[in-house]
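Undergrad: fold the following, please.
(2 chains)
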Protein chains: 2
Amino acid sequence: MTNEELIFTFKTLLRSKETLPMKAAIKRSHPADIGEALAHFSPQEVATLISLTPKKRRALVFGYMDHALQREVVEALEKPALVELVTHMPHDERVDLFQQLGEERQKVLMPALAKAEQEDIRKLTAYEEGTVGSIMTSDYAVLRSELTAQEAINHLRMVAPDRETIYQTFVINGDHQLLGTVSLKDLILAEPDTKVSDIMTLEPPFIRADAPDEEAAQLIAKYDLLALPVINGGEKLVGIVTHDDAMDVSKAEADEDFHRMGAVGDLSEPAHKGTVSALAVSMKDATISLLYRKRVFWLVLLVFGNIFSGAGIAYFEDTIAAYIALVFFLPLLVDSGGNAGSQSATLMVRALATGDVRLKDWGSMLGRELVVAGLLGATMAVAVSLLGIWRGGMEIALVVALTMQIVVIVGSVIGMSLPFLLSRLRLDPASASAPLITSIADAAGVVIYFAMATWILDIPAAL
Amino acid sequence: MTNEELIFTFKTLLRSKETLPMKAAIKRSHPADIGEALAHFSPQEVATLISLTPKKRRALVFGYMDHALQREVVEALEKPALVELVTHMPHDERVDLFQQLGEERQKVLMPALAKAEQEDIRKLTAYEEGTVGSIMTSDYAVLRSELTAQEAINHLRMVAPDRETIYQTFVINGDHQLLGTVSLKDLILAEPDTKVSDIMTLEPPFIRADAPDEEAAQLIAKYDLLALPVINGGEKLVGIVTHDDAMDVSKAEADEDFHRMGAVGDLSEPAHKGTVSALAVSMKDATISLLYRKRVFWLVLLVFGNIFSGAGIAYFEDTIAAYIALVFFLPLLVDSGGNAGSQSATLMVRALATGDVRLKDWGSMLGRELVVAGLLGATMAVAVSLLGIWRGGMEIALVVALTMQIVVIVGSVIGMSLPFLLSRLRLDPASASAPLITSIADAAGVVIYFAMATWILDIPAAL
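TA: Residues are numbered from 1 along each chain as shown, chains lettered A, B, ... in the order given. Predicted coordinates for the structure are as follows:
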């Protein structure tokens, strides 16, 4: 059923109060579609619809609802229904939900949960936002190396309903340290009495719980993993990151970098620990007030950046008054430096974000950038000198061509270096947004242009 | 072993010609790491190293090598070794490799392959670059609905070695039409004599082979799938897209949009059909010539864009000469319009790319944009009018404030509309790069500013 059909069916059935066809409709639809459709109903209606969902699928459907709705539905649910729901949610989604509840509600819910659940929530909430720990889940499947393949399969069959995945399992020793991994495929293909220790993969890729979450996504992409094991300081296995969560992290990172680069703040609600990616607001749902707040900071800041350009112009007022024709080339020259700079910054920001280029590569990147920018500047200088001859004669053409060569190189070097500098200062390189680079390169361009003109055209400088 | 250790080990062993420790090193390392390490060896050395790899893992290691090296190694391999390698590669990687070979080499290789392989390659090469067909693989596992769970597991055990995944399998009828899907987990949890038809999921998400590849990635992310079934015009199952390939597509799309937005061309080598994402060159490996070519087009194009700004300035030379103080505010006002525009464009490009906003939403987005831009413009106008009073008095302040209000609105509307327009024309919305928006908004800003000044300051216009 399409989204519209599902919404229509739910509306009709809510009105008629017939539960059987409702259950059938819910059974036939993918939980992601149900979660999406539920956004069109009131929290009370959603609570009713959730109660008609087979128990096994409730937590699944709930996990696909957006976080604002989850919070409201939680308020509308009776305590026993809530406890039952929370108990069956995947551990990573459960802790996300928990952190969004008010402190009061947390205090009511916590004692109603089983000891193991309480302990699990406490552990997972301890990790800082943006770390692997904040996105990992603790409902993974482990095996001991002494088991045979057949025993391992029997064990997995038993625990499967409560595990996020049984396709990739983790072999541990008595101290819960990671020895290796084994896939369900390997277990199925092995002779039934082969030992797990004989088929497991040694030294599998892993990550520490305090590493940045995007590194987990990078490892999962590099090694084509279904699940990446997470270990703590004591080398103990504490969780896994699954491929679907990695995909969400990559998308959230790409969105964030993209927005920063365009000088827009992060489109997320005030941070709730551990729920960064999930809470990023879709563009369609962003309120006017949110959009205003995320854009105004950069716009106003950049105004002050431009004051330097203005001051540069004011300083050279006499030069401009003497050769008013120079103003014709002002936007062109100044923007070219900014454009070259924002190109370099774009390439570097993305390359640093994907781990393609590292901090130590700055030197070699700079060398290459100088060559590329030199060539680009020369090309542009030739193009613009023709325009200079036509509009102002040979002398103006010379000023314009030389300026172009220099501003393209200066802009490019600023553009490629700023992301490295920010990265070094442990700030997000994507904050070297195109408009920021443009503003800096603009101010540099104004000074270079008029200094060049004053020198070549032999105009007495101001003062 | 780290990358450096692996390279060192390979180097030592290649010199000593001891094959046993080499085999051990290869066995202990992840194929992705081996593939990465091999980039440091000559094609002849790689061919030697490949021949020491256990047959079962050769195709796997080969799949992780970069495409340029793959081509060279293929030239260095003897025909029987090549046929054996190609036969065992995953079908999607095999067809990518095949398309990179010269026509001569294709003609030599093709008849040496088994009929089924020839047929498979022919079918997969038929899909256009950028479509789902060009990234899907044909080595998926199918089941008939009459089988019992136990029979299904036995069947999967038999075919597993040649299938990309057995965790998600596809149930088909006699005409190879998709009836549903069943996961290995469901099969393992079911009673052994339950029929597949009783446990399969009906109406699973699917995609058509001629749909754009990023739609497959979006569906996989939305439904948290391991594999998405692909059907052709006749509703027959023709392939699957796996989660790891979807992740590569998302990354390639994000890179591409990011680069376009920064006015940098696509950093891929000349297109080979069906290998877009795989051939995208890493920033670190990009040659000077490639970087020059990808950047020069936009830079030169934008110069011509700026000529309009220059022409606007030239037209108002008298106004400028009369009030040289106006030039102080030129960069500031003009850039603010451009900055507001590139913010709007950034938000829209990403929202359109992720499917968050659709073409039909233009109207509602425009309404909201006008309100947000109006508020932003008002804020900026207040800020800049203070500066106006200080630098030029009340009249200048009025000109500057009014101009600011208008350019921010105009810039924002241009910025948000251009991505929609490009999308409508079936062009990539990301081509509405920040520098392009800035150039357009700049030219508009110059005209608005000086027209406003001429009108309010009552200067006789040129002519």
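Undergrad: and the residue in the stretch 351-463 of chain A positioned nearest to chain B, what pLDDT?
TA: Of all residues in the stretch 351-463 of chain A, A:Ala351 sits closest to chain B, at 3.6 Å by C-beta to the nearest C-beta. Using the backbone N, CA and C atoms, a C-beta is placed for each residue, glycine as well. pLDDT for A:Ala351: 86.
Undergrad: next, count neighbours for it.
TA: Counted with other C-beta atoms under 10 Å in any protein chain shown, residues neighbouring A:Ala351 total 23.
Undergrad: neighbours around the nearest residue to it once chain neighbours are set aside, how many?
TA: With C-beta to C-beta, 6 or more residues apart in numbering or on different chains as the criterion, A:Ala351 has its nearest non-adjacent residue at 3.6 Å, and that residue is B:Met283. Close neighbours of B:Met283, defined as other C-beta under 10 Å, add up to 20.
Undergrad: for the stretch 1-150 of chain A, which residue gets nearest to chain B?
TA: A:Ala32 (5.0 Å).
Undergrad: pLDDT score assigned to A:Ile288?
TA: pLDDT recorded at A:Ile288 is 84.
Undergrad: contacts only, for it.
TA: Going by C-beta atoms under 8 Å, 6 or more residues apart in numbering or on different chains, A:Ile288 touches B:Arg368, B:Val371, B:Val372, B:Leu375.
Undergrad: coming back round to it: helix, strand, or coil at the residue of the stretch 1-150 of chain A closest to chain B?
TA: Taken by DSSP: H, G, I helix; E, B strand; the rest coil, the conformation at A:Ala32 corresponds to helix.
Undergrad: could you tell me the model confidence score at it?
TA: In this model, A:Ala32 is scored at 90, pLDDT.
Undergrad: isn't it right up against B:Ile220?
TA: No: using C-beta atoms under 8 Å, A:Ala32 makes no contact with B:Ile220, being 11.1 Å away.
Undergrad: doesn't A:Pro229 lie inside a helix?
TA: No: counting by three-state DSSP, A:Pro229 is not part of a helix but strand.
Undergrad: which one is it nearest to, not counting chain neighbours?
TA: A:Phe206 (4.6 Å).
Undergrad: do a quick rundown of the helices in the stretch 1-150 of chain A.
TA: For the stretch 1-150 of chain A, the helices defined by DSSP state H, counting those that start in this stretch occupy A:3-16, A:19-28, A:31-38, A:43-52, A:55-63, A:67-76, A:79-88, A:91-100, A:103-112, A:115-125, A:149-159.
Undergrad: which residue, other than its chain neighbours, is closest to A:Ile414?
TA: What sits nearest to A:Ile414 in space, not counting adjacent residues and going by C-beta to C-beta, 6+ apart, is A:Gly341, at 5.2 Å.
Undergrad: run a quick neighbour tally on the one you found.
TA: 33.
Undergrad: what helix or strand is it on?
TA: In this structure, A:Gly341 sits in helix A:326-353 according to DSSP states H and E.
Undergrad: stretch A:139-152: which residues count as buried?
TA: A:Asp139, A:Tyr140, A:Ala141, A:Leu143, A:Ser145, A:Leu147, A:Thr148, A:Ala149, A:Glu151, A:Ala152 (16 or more other C-beta atoms under 10 Å in any protein chain shown).
Undergrad: with pLDDT and distance to B:Leu237 added, can I get those residues in JSON lines?
TA: As requested, those are exported to JSON lines (pLDDT from 0 to 100; distance: C-beta to C-beta, whole Å):
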{"residue": "A:Asp139", "pLDDT": "93", "distance to B:Leu237": "32"}
{"residue": "A:Tyr140", "pLDDT": "95", "distance to B:Leu237": "32"}
{"residue": "A:Ala141", "pLDDT": "96", "distance to B:Leu237": "30"}
{"residue": "A:Leu143", "pLDDT": "96", "distance to B:Leu237": "34"}
{"residue": "A:Ser145", "pLDDT": "94", "distance to B:Leu237": "39"}
{"residue": "A:Leu147", "pLDDT": "96", "distance to B:Leu237": "36"}
{"residue": "A:Thr148", "pLDDT": "97", "distance to B:Leu237": "36"}
{"residue": "A:Ala149", "pLDDT": "96", "distance to B:Leu237": "31"}
{"residue": "A:Glu151", "pLDDT": "96", "distance to B:Leu237": "36"}
{"residue": "A:Ala152", "pLDDT": "97", "distance to B:Leu237": "32"}
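Undergrad: any chance of the contacts of A:Ile288 in TSV, plus neighbour count and distance to chain A?
TA: As requested, the contacts of A:Ile288 are arranged in TSV below (neighbours: other C-beta atoms under 10 Å in any protein chain shown; distance: C-beta to the nearest C-beta, whole Å):
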residue	neighbour count	distance to chain A
B:Arg368	16	6
B:Val371	12	5
B:Val372	27	5
B:Leu375	17	5
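Undergrad: tell me the contacts of the nearest residue to A:Tyr64 once chain neighbours are set aside?
TA: Distances taken as C-beta to C-beta, 6+ apart put A:Gly35 closest to A:Tyr64, at 2.8 Å, once the chain neighbours are dropped. By C-beta under 8 Å, 6+ apart, A:Gly35 lies in contact with A:Val61, A:Phe62, A:Gly63, A:Tyr64, A:Met65, A:Asp66.
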